[in-house]
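Participant: Fold the following, please.
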Amino acid sequence: MKRYSGLDDERDDVPVTQLGAGHSGEELTLASAWEAISGVGCTDQLLDWPPDVFALTNVLLDRTEAFRFALSPPAGAQWPPAGADDWSDSVVTAGREWSAWVEDPRDPVPAGLAEEWAIVLKHADVPLADLAAGRDWRVCQALLSLHAMADEACAGLGRATERAEGPGARYRARAREWLARTGSLARVAPRRVRVLPKVRTPPSGRTAFSRYACVQGAGLEASWHKMPVRHLGTDPRAEYVNLLLLPWPLRIRASDFRAVEGSVQWQERDPFGFFEFAPTERLDLDLVDRVLTAALDEVDDVDVVVLPEAAIDETEIEGLETVLSRHGVSYLTAGVRQRSPGPGQLPRNGVHIGVEPRLRKAAGPSDGPHRQWFHIRQDKHHRWALDANQIAQYHLAGALHPQVQWLETMDVPPRSLQFVSVGEEITIVSLVCQDLAETDEIADVIRSVGPTVVLAVLLDGPQLASRWAARYASVFADDPGSSVLTLTSYGMAQRSRPPGREASPIVALMKEADQEYREIPLEPGAQAVLLTASGSRATRRTVDGRRPVDTGTHYTGAAVHQIRAAEVGSNPTESVAPLPRVLDIDDVTILTGWAEAVAETLAHAPERIPALMADLRPGAAWRSGFGIPEPSAELAGALESLDRVMQEAGTPTYDGMLTAVRDSRAGEQPLDALVRTVLRSTLEQRRSRGQLRSR
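Facilitator: Numbers count the residues shown, from 1 in each chain. From the prediction side, this is the model:
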């Protein structure tokens with residue numbers, strides 16, 4: 001999808017890290033530093049959009065290290081500000097009022113916000129050096145308070161259930177659409193400054209100055225996807241997930257590693273060449289079917305299937321997803337290997353993420369399950385380098401000469417991250433092998449956002465707590481507190497036999513905050529491992545003086561079962577027909593964001609439904625004000641379908657709407673079925689979170 005530049009004035013990029021004192025021969029001030037970084041001025045226009053002010057205050061406080069004054073104020077100063085009986089309540093209230101004001105700015109700017117913003121504008125020509133030294137303490141106070149207010153106004157932009165009150169729901173829905181279109185919450189061009197939702201704050205270690213948003217510099221593309229996938233129903237006990245780990249291939253041969261013909265460069269020193277991993281055996285779909293049959297004999301449903309790095313060829317995705325649909329699986333993470341797309345072109349290594357909302361065609365005598373998978377690609381960014389020690393460890397000398405440094409044959413694409421928010425409870429990031437070990441900007445962004453789960457698929461040896469993957473998993477588990485799961489191939493684990501050691505069956509490892517490593521084996525006779533993780537509330541803390549809140553979610557591994565394939569699989573006569581693709585992944589994200597706003601408004605301010613639907617419809621004035629085009633024809637159709645559902649309900653209640661979208665409808669079109677599924681998921685989600693007040 002095309003990206004839009006918002007407030008960008010198309011001037012040259014000035015990376016944050018390259019701005020220093022004396023830039024362009026002049027001493028930087030608050031205003032000039034912000035303009036050099038963002039390309040926009042420090043004006044009242046920024047107040048129209050809280051993420052813009054969050055970006056400004058974060059950049060200035062971080063650039064000058066003035067965040068430290070919230071922990072250690074200058075001599076004679078006090079934080080939180082003297083005279084503020086309850087600074088925490090005041091900034092939270094200001095953030096909520098600001099969110100509501102954005103929807104209808106005809107009223108005056110909220111008083112607390114206006115006071116602090118006036119201080120910043122009045123002192124916009126203060127040198128950065130003065131801010132860094134804390135010499136103008138009132139300006140420091142204003143920036144720290146504005147940062148907290150803007151952060152509170154960003155609550156609910158990434159995860160709708162962080163904020164539940166009705167006023168501000170239209171603003172939050174607009175922000176979710178903007179995030180889907182641009183990869184940032186701020187209107188500043190993402191190639192300059194990127195603002196992303198924050199999912200959780202660290203339980204220990206690094207201090208956090210925000211709990212709902214974070215700022216990253218230019219240089220990394222980020223996409224935020226929302227998918228309405230969750231257990232059906234409103235029972236809070238539905239906050240669990242069953243993951244089926246397929247550590248395949250179960251056998252790997254030395255011949256599966258092949259030197260690329262003519263690639264070896266025999267230099268005087270350090271000869272190198274390129275290799276490819278190309279197993280001859282195809283994915284055994286019958287075994288997938290029988291393993292799922294056995295897993296479903298253990299639990300009621302399997303939500304997620306995970307396969308290691310390069311486990312399947314990209315041509316096998318469709319067949320695999322067909323089998324998963326037959327068993328009701330809604331999420332696939334699979335390491336995919338690609339063949340060279342053409343002469344002189346390198347293949348890509350990455351993760352295929354497939355998400356299927358639980359769709360069924362309208363009830364009828366001949367209607368069966370239908371599938372509609374939405375696809376996301378997370379590329380690998382760092383090549384595997386096989387040296388003599390690894391060739392010996394994996395016993396590959398028969399295929400790759402140990403005196404050659406062997407590099408993985410793969411294209412190295414621009415760095416990007418795909419965040420997938422599933423049912424508002426889980427935000428997932430997937431990484432491929434070496435990407436887990438790199439302490440680069442990708443790691444910085446993950447630590448800032450704090451996804452619920454980091455899934456790392458590897459083509460590696462056993463996942464022992466003593467090996468490299470465990471060390472790097474602990475980085476994300478300790479800070480920001482993500483649950484980290486690594487998975488390798490059983491065949492590769494068995495090939496890993498360093499001198500003096502036996503092969504290990506440990507194919508997966510789980511690391512959670514404040515928990516010991518959990519090594520997960522594949523036992524003899526088993527072909528898969530079933531892992532059940534359960535959700536619980538997580539606390540978000542900041543060190544700027546705000547009170548903690550329990551709006552986060554943490555998932556912990558509660559049960560592990562070895563799965564041995566059933567003798568007979570599912571009924572092969574039951575077809576799973578593909579539905580026509582009615583929306584792309586970005587459009588589903590936007591649709592889900594608006595459905596979340598409908599659920600919030602129905603729950604807390606149903607009288608605001610007409611205004612919300614006016615914002616949702618094609619032709620709404622706010623889109624032209626943001627400089628973004630009208631929705632695509634497909635998205636427009638989905639939004640109009642959502643509008644029709646609301647109009648048909650007349651004056652809907654929350655319970656009435658929930659009942660209406662649960663019912664199947666004869667002759668319903670695929671797009672309408674998807675819209676109803678999305679709305680049902682968001683309504684049930686909010687109810688199960690216990691955030692619906694009695695009406």
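Participant: mind listing the strands for the stretch 351-500 of the chain?
Facilitator: For the stretch 351-500 of the chain, the strands defined by DSSP state E, counting those that start in this stretch occupy 370-371, 374-379, 385-386, 405-408, 416-422, 426-432, 453-457, 483-487.
Participant: could you dump stretch 537-556 to CSV, C-alpha only?
Facilitator: Only the C-alpha atoms of stretch 537-556 are listed here, as CSV (Å, rounded to 0.1, in the frame of the first residue of the first chain):
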residue,chain,number,x,y,z
ARG,A,537,-2.8,-9.2,33.1
ALA,A,538,0.5,-7.4,32.9
THR,A,539,1.3,-4.1,34.6
ARG,A,540,2.6,-1.1,32.7
ARG,A,541,5.0,1.1,34.7
THR,A,542,6.7,4.4,33.9
VAL,A,543,9.3,6.2,35.9
ASP,A,544,8.0,9.7,35.3
GLY,A,545,5.6,9.7,38.2
ARG,A,546,2.5,8.1,36.8
ARG,A,547,0.7,5.4,38.7
PRO,A,548,1.0,1.8,37.3
VAL,A,549,-1.9,0.4,35.2
ASP,A,550,-2.9,-3.2,34.5
THR,A,551,-3.7,-2.8,30.8
GLY,A,552,-1.1,-5.1,29.4
THR,A,553,-1.2,-8.8,28.7
HIS,A,554,1.4,-11.5,29.3
TYR,A,555,1.4,-15.1,28.0
THR,A,556,3.1,-17.9,29.8
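Participant: Can you pull out the low-pLDDT segments for the stretch 451-600 of the chain?
Facilitator: Along the stretch 451-600 of the chain, the model assigns pLDDT under 70 to residues 571-580.
Participant: Thought Leu296 was touching Ala566, still the case?
Facilitator: No: shown here, Ala566 and Leu296 do not form a contact pair, counting by CB atoms under 8 Å, at 9.2 Å. (Glycine included, C-beta is placed from N, CA and C.)
Participant: May I ask you to name the longest strand in this protein?
Facilitator: Using DSSP state E to define each element, the chain has its longest strand at strand 549-563.
Participant: Okay, and the spatially closest residue to Val59 that is not a sequence neighbour sits in which element?
Facilitator: Leaving aside its chain neighbours, Val59 sits nearest to Ile37 (5.7 Å; criterion: CB to CB, 6 or more residues apart in numbering). Using DSSP states H and E, Ile37 sits in helix 30-38.
Participant: Tell me the helix or strand right after that helix.
Facilitator: That would be, after helix 30-38 and using DSSP H and E, helix 50-64.
Participant: Between the strands of the stretch 351-500 of the chain, which one is closest to Val193.
Facilitator: strand 416-422 (16.2 Å; CB to CB).
Participant: circling back: could you check which of Ala566 and Leu296 is surrounded by more residues?
Facilitator: Leu296 (20 against 16; other CB atoms under 10 Å).
Participant: Output stretch 634-647 as PDB, nothing but the C-alphas.
Facilitator: Only the C-alpha atoms of stretch 634-647 are listed here, as PDB (Å, rounded to 0.1, in the frame of the first residue of the first chain):
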ATOM      1  CA  GLU A 634     -12.800  -3.000  -1.800                       C
ATOM      2  CA  LEU A 635     -12.300  -1.200   1.600                       C
ATOM      3  CA  ALA A 636     -15.100   1.200   0.800                       C
ATOM      4  CA  GLY A 637     -17.400  -1.800   0.200                       C
ATOM      5  CA  ALA A 638     -16.400  -3.200   3.600                       C
ATOM      6  CA  LEU A 639     -16.900   0.000   5.400                       C
ATOM      7  CA  GLU A 640     -20.300   0.500   3.700                       C
ATOM      8  CA  SER A 641     -21.200  -3.100   4.800                       C
ATOM      9  CA  LEU A 642     -20.300  -2.200   8.400                       C
ATOM     10  CA  ASP A 643     -22.400   0.900   8.100                       C
ATOM     11  CA  ARG A 644     -25.400  -1.200   6.800                       C
ATOM     12  CA  VAL A 645     -25.100  -3.500   9.800                       C
ATOM     13  CA  MET A 646     -25.400  -0.600  12.100                       C
ATOM     14  CA  GLN A 647     -28.300   1.000  10.200                       C
END
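Participant: So which bits of it are buried?
Facilitator: 635, 637-643, 645-646 (16 or more other CB atoms under 10 Å).
Participant: now do stretch 675-694
Facilitator: For stretch 675-694, by 16+ other CB under 10 Å, it's 675-689, 691-692.
Participant: Stretch 310-322 now?
Facilitator: For stretch 310-322, by 16+ other CB under 10 Å, it's 310-312, 314, 316-317, 320-322.
Participant: Then stretch 522-529?
Facilitator: 522, 526-529.
Participant: Pull it out as CSV, backbone CA atoms only.
Facilitator: The C-alpha coordinates for stretch 522-529 follow below in CSV (Å, rounded to 0.1, in the frame of the first residue of the first chain):
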residue,chain,number,x,y,z
LEU,A,522,10.7,-33.9,20.8
GLU,A,523,10.4,-37.3,22.4
PRO,A,524,11.0,-40.6,20.5
GLY,A,525,8.1,-41.5,18.3
ALA,A,526,6.6,-38.0,18.4
GLN,A,527,6.3,-35.7,15.3
ALA,A,528,5.2,-32.5,17.0
VAL,A,529,4.9,-30.7,20.3
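Participant: what does it rub up against?
Facilitator: Residues from elsewhere that reach stretch 522-529 (CB atoms under 8 Å, 6 or more residues apart in numbering): 244-247, 250, 287, 291, 295, 490, 505, 507-508, 520, 560-565.
Participant: Just the buried subset of these, written out for ChimeraX, thanks.
Facilitator: ChimeraX command restricting those to the buried ones, with burial defined by 16+ other CB under 10 Å:
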select :244,245,246,247,250,287,291,295,490,505,507,508,520,561,562,563,565
